[in-house]
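1. task: produce atomic coordinates for the following.
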Amino acid sequence: MARFLLDISPVREIPDFRRLWMGSTLSMLGSQFTVIAISLEVFELTRSTFAVGMVGVFALVPLIVAGLYGGSIGDASDRRLAGLWTTVGLFAMTVALAAHAWLDVRSVGVLYGIVALHSFAQGLGQPVRGAIVPRLVPARQLPAANALFQLTMGSCLMVGPLLGAFTVAGLGFAWAYTLDALSFAVSLWAMYKLPPLPPEPGEGGATRAGFRSVVEGFRFLATRPNLRMTFLLDIAAMVFAMPRVLFPVLGASVLGGDQLTVGLLTASLAAGSVISGVFSGTFIRINHHGRACAAAVAGWAVCIMVFGAVVLLASRGLGADTAWPLVLSCATLVAAGVMDSVSMLFRTTILQAATPDSLRSRLQGIFIVVVAGGPRLGDAVLGAGGQLLGPGWAALAGAAVCLVLVLVLVRAFPGFLRYDARDPQP
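-> Sure, this is the predicted structure:
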């Protein structure tokens, strides 16, 4: 039974990774306090859902811009120092949020400004962190290390907003932001304790950070089919088959619920990530990462198609007087969350293992752009589809498009199915 469960050997055997994982886990949990607190505070100040939605805009644009530039910084400098300084920046912005709350500065503009700066620092730091892990962990343990990160991410997404909401309700906004700031202490300590990680010479090596360095990263990606496939599969899944934008209308009408129903649907996706992390020993020993990744994205599409079919039947009155439509919807989303987490694990591992170290931060930066931007574009696509077709048909049709795209991509790039972790080729 133990071989099917989470492999904790990277935490047990590699002290630098253990500290980095602990720091990341606490800071991820603390960040969820801030995410929920900002949304609640903006709504309290404005009573406008549009104003709350603008928080995402002020966060997304700096994240994308800084993600690309942060990748070039990570490949041109000592990653320990780059990671340390970006973590200091994140800590400073979280302290600024706490200070504005303690000083009772009731200004949406100030909040938007701090959110943008916080997101910029996050964009600079994430590519560096992603490129640090392969320098600390042997290639054979990368799947286990990524499974550990995904388990904690899913867990934080499940419990973090709830704990954050309780903190705001019981102690106020200032304490929610303060707890997030305190959570960065371990992350700062973990970065400080890392050994020097200077740039390694190699293909696409960058002598300095900048636009030319970023272009070199895109040029490298354009000529490496296996790496390119990981991005294309993620885009297919997130743009056409990410149904989260449909949850509010489903909770309010189709599934006969309320805001709690929306929370259950959202939590179901995160629960799937937690389940896949707990039982990650089942698949981290797979060597054919390309096949596993393609199969997981196809599985995600099938799960969302079933979800759409359940919603479609519920919208036509089938089971309207029972809890079964909601139960089945949550069950399919849990299964989808498992597939998404498995796909993410193999995509991340392929990106880390098959990319030369001299380009890892830049490819991680591009990865952040796709991960951050894809779901936002998906919100627009499925939001429009839900308005035109209804939520059930939108989810069903979008997932069908995703499945067709997976089949087309696999046929166009058959070498991806032969990708083997024992001989990672970009």
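2. quick one: low-confidence residue ranges for this structure.
-> Judged by pLDDT under 70, the chain has its weakly predicted residues at 1-3, 49-50, 53, 201-210, 251-260, 263, 317-323.
3. got the contact list for the residue nearest the centre of it?
-> Closest to where the C-alpha atoms of the chain average out (C-alpha atoms, centre = their mean) is residue 371, at 6.2 Å. Applying C-beta atoms under 8 Å, 6 or more residues apart in numbering, we find residue 371 in contact with 234, 238. Placement of C-beta: from N, CA and C, glycine included.
4. helix or strand: which one has it?
-> Element membership for residue 371, per DSSP states H and E: helix 360-389.
5. spatially nearest residue to residue 7 (excluding sequence neighbours)?
-> In this structure, residue 7 finds its nearest non-sequential neighbour in residue 144, 3.9 Å apart by C-beta to C-beta, 6 or more residues apart in numbering.
6. centre of the chain to the helix or strand containing the one you found, how far?
-> Using DSSP H and E, residue 144 maps to helix 142-171. Distance, stretch centre to chain centre, for helix 142-171: 12 Å (C-alpha atoms, centre = their mean, to the nearest Å).
7. for the next helix or strand after it, which positions count as buried?
-> Remark: after helix 142-171, the chain's next helix or strand is helix 173-193, criterion DSSP H and E. By 16 or more other C-beta atoms under 10 Å, the buried positions in helix 173-193 come out as 173-181, 183-184, 186-188, 190-191.
8. same check on stretch 14-34?
-> The neighbour-count criterion (16+ other C-beta under 10 Å) identifies 14, 16-34 as the buried residues of stretch 14-34.
9. over to stretch 345-362?
-> Using 16+ other C-beta under 10 Å as the test for burial, stretch 345-362 gives 345-362.
10. before we move on, what about stretch 87-99?
-> 87, 89, 90, 91, 93, 94, 95, 96, 97, 98.
11. phi, psi of residue 242?
-> Main-chain dihedrals, residue 242, degrees, to the nearest 10: phi -100, psi 110.
12. surely it and residue 377 touch.
-> No. Judged on C-beta atoms under 8 Å, residue 242 makes no contact with residue 377 at a distance of 9.2 Å.
13. of those two, which one has the most company?
-> Between residue 242 and residue 377, residue 242 has the larger neighbour count (other C-beta atoms under 10 Å), namely 26 against 15.
14. show me the contacts for that one.
-> Residue 242 makes contacts with 374, 375, 378, 379, 382, as judged by C-beta under 8 Å, 6+ apart.
15. and the closest residue to residue 30 other than its chain neighbours, how far from residue 146?
-> Of all residues not flanking residue 30 in the chain, residue 183 sits nearest, at 2.9 Å (C-beta to C-beta, 6+ apart). Residue 183 sits 22 Å away from residue 146, going by C-beta to C-beta, to the nearest Å.
16. can you report phi and psi for residue 5?
-> Dihedral angles for residue 5 - degrees, to the nearest 10 - are phi -90, psi 170.
17. revised request: answer the last question for residue 283.
-> Phi and psi for residue 283, reported as degrees, to the nearest 10, are phi -130, psi -10.
18. that one contacts residue 289, doesn't it?
-> No. Taking contacts as C-beta under 8 Å, residue 283 lies outside contact range of residue 289: 9.8 Å.
19. quick one: which of the two has more around it?
-> Counted by other C-beta under 10 Å, residue 283 and residue 289 do not tie: residue 289 has more neighbours, with 24 against 17.
20. dump the residue contacts of that one.
-> Residue 289 touches 346, 349, 350, 419, 420, 421, counting by C-beta under 8 Å, 6+ apart.
21. coming back round to it: report the separation between the residue nearest to the centre of the chain and residue 76.
-> For residue 371, the distance to residue 76 - C-beta to C-beta - is 23 Å.
22. ok, now residue 387?
-> Counting by C-beta to C-beta, the gap from residue 387 to residue 76 is 45 Å.
23. packing partners for the strand or helix carrying residue 350?
-> Following DSSP H and E, one finds residue 350 within helix 324-354. Of the remaining helices and strands, those touching helix 324-354 by 3 or more C-beta pairs under 8 Å, 6 or more residues apart in numbering; DSSP states H and E are helix 108-136, helix 142-171, helix 225-241, helix 259-278, helix 289-315, helix 360-389.
24. now the fifth one, how far from the centre of its chain.
-> Spelled out, that is helix 289-315. How far helix 289-315 lies from its chain's middle: 19 Å, per C-alpha atoms, centre = their mean.
25. ditto for the fourth one
-> Here the centre of mass of C-alpha atoms in helix 259-278, compared against the chain's by C-alpha atoms, centre = their mean, lies 14 Å away.
26. need the contact partners of it.
-> 5-6, 147-148, 150-155, 157-158, 244, 247-248, 250-252, 255, 257, 326, 329-331, 333-342, 345.
27. show the buried residues in these.
-> Among those, those classed as buried by 16+ other C-beta under 10 Å are 6, 147-148, 150-155, 157-158, 247-248, 250-251, 255, 257, 326, 329-331, 333-342, 345.
28. tell me which residues of stretch 161-176 are tucked away?
-> In stretch 161-176, counting by 16+ other C-beta under 10 Å, buried: 161, 163, 164, 165, 167, 168, 173, 174, 175, 176.
29. nice, that's everything, thank you.
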